[in-house]
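1. quick one, fold the following:
(4 chains)
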Protein chains: 4
Amino acid sequence: MTPDDIAHARVKDSFMRQGMLRHLGVELLQARLGWVELRLPYSDLVTQQQGGFHGGAMGALADVAAGYAGLTVAPQGSEVATIEYKINFLAAFQGGHLHATGQVVRAGKRIIVTTAMVTHHAPDGPVRDCALMQQTLACVAKTY
Amino acid sequence: MTPDDIAHARVKDSFMRQGMLRHLGVELLQARLGWVELRLPYSDLVTQQQGGFHGGAMGALADVAAGYAGLTVAPQGSEVATIEYKINFLAAFQGGHLHATGQVVRAGKRIIVTTAMVTHHAPDGPVRDCALMQQTLACVAKTY
Amino acid sequence: MTPDDIAHARVKDSFMRQGMLRHLGVELLQARLGWVELRLPYSDLVTQQQGGFHGGAMGALADVAAGYAGLTVAPQGSEVATIEYKINFLAAFQGGHLHATGQVVRAGKRIIVTTAMVTHHAPDGPVRDCALMQQTLACVAKTY
Amino acid sequence: MTPDDIAHARVKDSFMRQGMLRHLGVELLQARLGWVELRLPYSDLVTQQQGGFHGGAMGALADVAAGYAGLTVAPQGSEVATIEYKINFLAAFQGGHLHATGQVVRAGKRIIVTTAMVTHHAPDGPVRDCALMQQTLACVAKTY
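-> Residues are numbered from 1 along each chain as shown, chains lettered A, B, ... in the order given. So this is what the prediction gives:
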């Protein structure tokens, strides 16, 4: 297996255990070393009071995309826990789907720093920036 | 109606339109001027890969508690949009329920700054800090 | 020595080595377990383009107040390093002095979470909120 | 004048009024539409207790680089105020100089979102990531 194959296997293994995200409809598109892409289609499960994607859905999507990017560079046998993140919401959208790209900024032994960009893909094509996250992860012992 | 009654009515009106949160099981406990409390019971809908409450659920809960606290002090006829937030996850828990308290730090005409504390209530009583958020809201024209 | 005496001694020892802060005029007012207060008088050294206190000065003051609060609860022989912080600027002020209070939210073995509130004290008495910080610290081995 | 010339003139005009930053030794390297670069040489004015660059100096440098990037896209006649920022410190360095690049992520009429990357340039050549910031600016009326 290449490093990217290993990265993908680690992310997929964890993703299959995600109750909330899979329930909301999140799909894993790509996972390679330091880089993960997720997709979330629009549905009633992820809306706020005005019918747009809920900030909580964008936040969860970005958190997981960035966290999984971190997971791909964490030492073998460990996994990652989100210490904190900060997210800016750039615009509101409805319909279509969200696409989140998480990537690693710095991989330390104990602390990993990542970012995630969430874009909105309208049904008729246009892609626009939706949210930007900066996140801090801790490497922790895998317990399952 | 007292100012606290008005605050409660504004929050409840918006809460009833929340697709995602109500779907996840969030309940509105209290809303008064500058202060909102929400509750989220443990269920399969809000877990991560290790069976604990998902960070995305904590983030969404805190975001909405803090945002609604801001809504209670926003000018009449306007509502609030989350510009950004930052959240620290203090500990992981499963079972029981989460309790989020949002409060206003500073209410400007255009910008409102809030915080939210999420605590975990175990079935047998103990209450522990779970997550801490600092959030920035924009006052925007109400469109519904 | 009481725990608060020890806390004060640790903070003072570190404070005396702070080139930048002491140069800017920062004074240590109080340090006890989980709680530190600093003061920064207005001067040409800490202003921005409109004559108010510079955001960088508020940020540095809050960072150090919160970091020192964390230091008071870090294991003996270790010190703290700022992993990250987030700060909201609530209002701009000139003249008088800034007062920063740092306090510990959660003290883990490896990670400490803190907050700091910066207030402005006008020469004629009024005190107003100036900036709010939420910070993450790592406990690291002391190297001096 | 080209748009980049105008951007440079706006930033330089504001920079000349910066008491604190110029005092600390910050230099303006480049300013064009949506992009600003600053430089801060190592000196006793910008160190912490272990002799490295102070987090407060990195924070102020990144805040101003990102803020000036925002200024270049703010409506004419307005300037920008930092609502908030979040910064991760990636590594500690001493000697050489810091280089900060601020850039615009999203330019709204009222709110501008930016990022800044701070790198350290060692005297003998190596360049390494030092700090990463995500910032929110408000467009405000120019008052000087």
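2. switch to C-alpha atoms for all contacts and neighbour counts from now on
-> Will do.
3. quick check, the strand ranked longest in chain A touching chain D?
-> In chain A, assigned by DSSP state E, the strand with the most residues is strand A:127-141. Yes - Strand A:127-141 lies within reach of chain D by C-alpha under 8 Å from any C-alpha of the partner chain, at residue A:134.
4. can you list the strands that that strand pairs with?
-> Applying DSSP bridges, strand A:127-141 is found paired with strand A:78-89 (antiparallel), strand A:111-121 (antiparallel).
5. I'd like the mean pLDDT over the longest one, please.
-> Here strand A:78-89 scores 96 as its mean pLDDT.
6. how about stretch A:107-127?
-> For stretch A:107-127, mean pLDDT rounds to 95.
7. return the distance of residue A:31 relative to chain C.
-> The gap separating residue A:31 from chain C is 26 Å, by C-alpha to the nearest C-alpha, to the nearest Å.
8. from memory that residue sits against residue A:4, does it?
-> Yes - between residue A:31 and residue A:4 there is a contact under C-alpha atoms under 8 Å: 7.3 Å.
9. all strands of chain A, in order?
-> With DSSP E as the criterion, chain A has strands at A:27-32, A:35-41, A:78-89, A:97-107, A:111-121, A:127-141.
10. in a markdown table: those, plus mean neighbour count.
-> Putting the strands of chain A into a markdown table (neighbours: other C-alpha atoms under 10 Å in any protein chain shown) gives the following:
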| stretch | mean neighbour count |
| --- | --- |
| strand A:27-32 | 18 |
| strand A:35-41 | 24 |
| strand A:78-89 | 23 |
| strand A:97-107 | 23 |
| strand A:111-121 | 25 |
| strand A:127-141 | 22 |
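11. for residue B:81, find the nearest of these.
-> Among those, strand A:78-89 comes nearest to residue B:81, with 9.0 Å by C-alpha to C-alpha.
12. any idea which helix or strand in chain A has the lowest mean pLDDT?
-> When the helices and strands of chain A are compared on mean pLDDT, DSSP states H and E, helix A:19-24 comes out lowest with a mean of 80.
13. list of residues touching it?
-> A:16, A:40, A:45-46, A:60-61, B:44-49, B:54 (C-alpha atoms under 8 Å, 6 or more residues apart in numbering or on different chains).
14. check the residue most central in space within chain A and give its pLDDT.
-> Nearest to the mean C-alpha position of chain A, by C-alpha atoms, centre = their mean, lies residue A:65 at 1.5 Å. In this model, residue A:65 is scored at 97, pLDDT.
15. from residue D:79, how far out is it?
-> Taking C-alpha to C-alpha, to the nearest Å as the measure, residue A:65 falls 35 Å from residue D:79.
16. can you check residue A:55 too?
-> Between residue A:55 and residue D:79 the computed distance is 29 Å (C-alpha to C-alpha).
17. biggest helix in chain A by residues?
-> helix A:55-71 (DSSP state H).
18. ok and that helix relative to strand A:111-121, angle-wise?
-> 130 degrees (axes from the mean of the first three to the mean of the last three C-alpha atoms, to 10 degrees).
19. residues of stretch A:68-78 that come out buried?
-> Using 16 or more other C-alpha atoms under 10 Å in any protein chain shown as the test for burial, stretch A:68-78 gives A:68-75.
20. count of residues packed around residue A:26?
-> If you count neighbours by other C-alpha atoms under 10 Å in any protein chain shown, residue A:26 ends up with 21.
21. so it is in contact with residue A:43, correct?
-> No - look at residue A:26 against residue A:43 with C-alpha under 8 Å: they stay out of range, at 11.0 Å.
22. who touches both of these two?
-> Counting by C-alpha under 8 Å, 6+ apart, nothing touches both residue A:26 and residue A:43.
23. so who does the residue lying closest to residue A:52 once chain neighbours are set aside touch?
-> Closest residue in space to residue A:52, ignoring its immediate chain neighbours: residue A:94 at 4.3 Å, by C-alpha to C-alpha, 6 or more residues apart in numbering or on different chains. Residues in contact with residue A:94 (C-alpha under 8 Å, 6+ apart) are A:42, A:51-53.
24. then residue A:26?
-> Residue A:26 makes contacts with A:38-41, A:61, as judged by C-alpha under 8 Å, 6+ apart.
25. with residue A:70 instead?
-> A:34, A:80, A:103-104, A:107, A:112-114, A:137.
26. now, the most widely separated pair of those residues?
-> A:80 and A:103 (14.0 Å).
27. residue A:91: how many residues sit nearby?
-> For residue A:91, the neighbour count with other C-alpha under 10 Å is 15.
28. quick check: it vs chain C, distance?
-> Counting by C-alpha to the nearest C-alpha, the gap from residue A:91 to chain C is 21 Å.
29. pretty sure that residue is touching residue A:127, no?
-> No - distance between residue A:91 and residue A:127: 11.9 Å, which falls outside the contact criterion (C-alpha under 8 Å).
30. dump the strands paired with strand A:127-141 to CSV, plus distance to residue A:142.
-> As requested, these are arranged in CSV below (distance: least, C-alpha to C-alpha, whole Å):
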stretch, distance to residue A:142
strand A:78-89, 5
strand A:111-121, 15
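31. before we move on, the earlier item: same list (the strands of chain A) but as CSV, adding distance to residue D:20.
-> Listed next are those as CSV, based on distance: least, C-alpha to C-alpha, whole Å:
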stretch, distance to residue D:20
strand A:27-32, 44
strand A:35-41, 39
strand A:78-89, 28
strand A:97-107, 30
strand A:111-121, 30
strand A:127-141, 28
